[in-house]
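[1] Pasting a predicted model and its sequence here:
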Amino acid sequence: MNPQEQTDYDQPVAYDKDGRPLYVHPPAGTEVQAAAVHVTRAVDPVDPQVSPETARRHDESVKKYPGLNLSKGEYVITEVPRHWVGLVTPLVVGGLLAVVVCAGLILYPSLAAAGSPPASSIVLPAILLLVLIAIGTYIPVWVYRNNRFYLTNESAIQDIQTSLFSRREQTVSLGSVEDASFSQTGLLQLLLGYGTIRLSTVGDEDTYTFTCVADPKEYIATLNDAVEAFKNGRPVRAK
């Protein structure tokens, strides 16, 4: 045998008198290199066939969610809603500031000292201030409402809006999801029925979170069912 050739230790080199195969073993301390396996790929792969029902649901999802990058045959099963509690802080703060400005405008004539500017002179600044308060209230509300979480028959998609000019998308294949759980911390979250969804993936130390989810227990159950169905080759369907 050519010494340059690699010995195949999985093939018998001889047989004993009873016909049992005999194998050669590598010397102690010798590393056995695994043979490389090459996977071929068609130059022009055939598109996967999808059923008419799947194609219909895909087309509906594309029309309803034009911002999502859905593959052929992929459709949205559910959109996880955020709880209204996240809107309370900006709306309350903005409302209180607007009330203070309006109250000051109304009470100014009776509180103004002699020689103070007339009330008509502060109307325009007060209106401009109210406009700024409205814009300042609308921005966090818009950012909050544009953070969305979608579950499709193939993946979990999180649309993340951190500011007016900062947006990114995270997509996790259902086959890569190792653990999906939810948490509700504190009396307020338990009473109002909202919490946080967490996803962890195989071989990834990062944890994907989506906060202020309305009824997180229901949606995490749907997500776990979808992951199990996807990994076992069953159709992924909404409850």
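    Okay, I see it.

[2] Please, where are all the strands along this protein?
    14-15, 21-22, 76-80, 148-152, 155-163, 166-173, 177-183, 194-201, 207-214 (DSSP state E).

[3] Of all residues in this structure, which one is nearest the centre?
    Central residue of the chain (CA atoms, centre = their mean): Q158, 2.4 Å from the mean position.

[4] roughly how far apart are the nearest residue in space to that one that is not next to it in sequence and N69?
    Sequence neighbours aside, Q170 is the residue nearest to Q158 in space, at 4.5 Å (criterion: CB to CB, 6 or more residues apart in numbering). C-beta: built from backbone N, CA, C; applies to glycine. Going from Q170 to N69 by CB to CB, to the nearest Å gives 12 Å.

[5] Could you do V177 as well?
    V177 is 19 Å from N69, by CB to CB.

[6] Repeat that for V100.
    In this view, V100 and N69 are 45 Å apart by CB to CB.

[7] Kindly report the same for D179.
    25 Å.

[8] so who does the closest residue to T78 other than its chain neighbours touch?
    Leaving aside its chain neighbours, T78 sits nearest to L151 (5.1 Å; criterion: CB to CB, 6+ apart). When contacts are counted by CB atoms under 8 Å, 6 or more residues apart in numbering, L151 touches 76-80, 157, 219, 222-223, 226.

[9] Can I get the buried ones among those as something I can paste into ChimeraX?
    A single ChimeraX command suffices to select whichever of these are buried according to 16 or more other CB atoms under 10 Å:
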select :76,77,78,80,157,219,222,223,226
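
[10] domain parsing for the protein?
    53-58+74-83+148-231, 87-143 (automatic domain parsing).

[11] Can you list the low-confidence ranges for this protein?
    Applying pLDDT under 70 to the chain picks out residues 1-48, 113-115, 204-205, 238-239.

[12] where exactly do the helices run in it?
    With DSSP state H as the criterion, the chain has helices at 52-64, 88-111, 123-145, 187-192, 216-231.

[13] Tell me how many other residues crowd V92.
    11 (other CB atoms under 10 Å).

[14] ok, it - contacts?
    For V92, no contacting residues are found, by CB under 8 Å, 6+ apart.

[15] one more time with 10 Å, if that's ok
    With contact set as CB atoms under 10 Å, 6 or more residues apart in numbering, V92 has these partners: T137.
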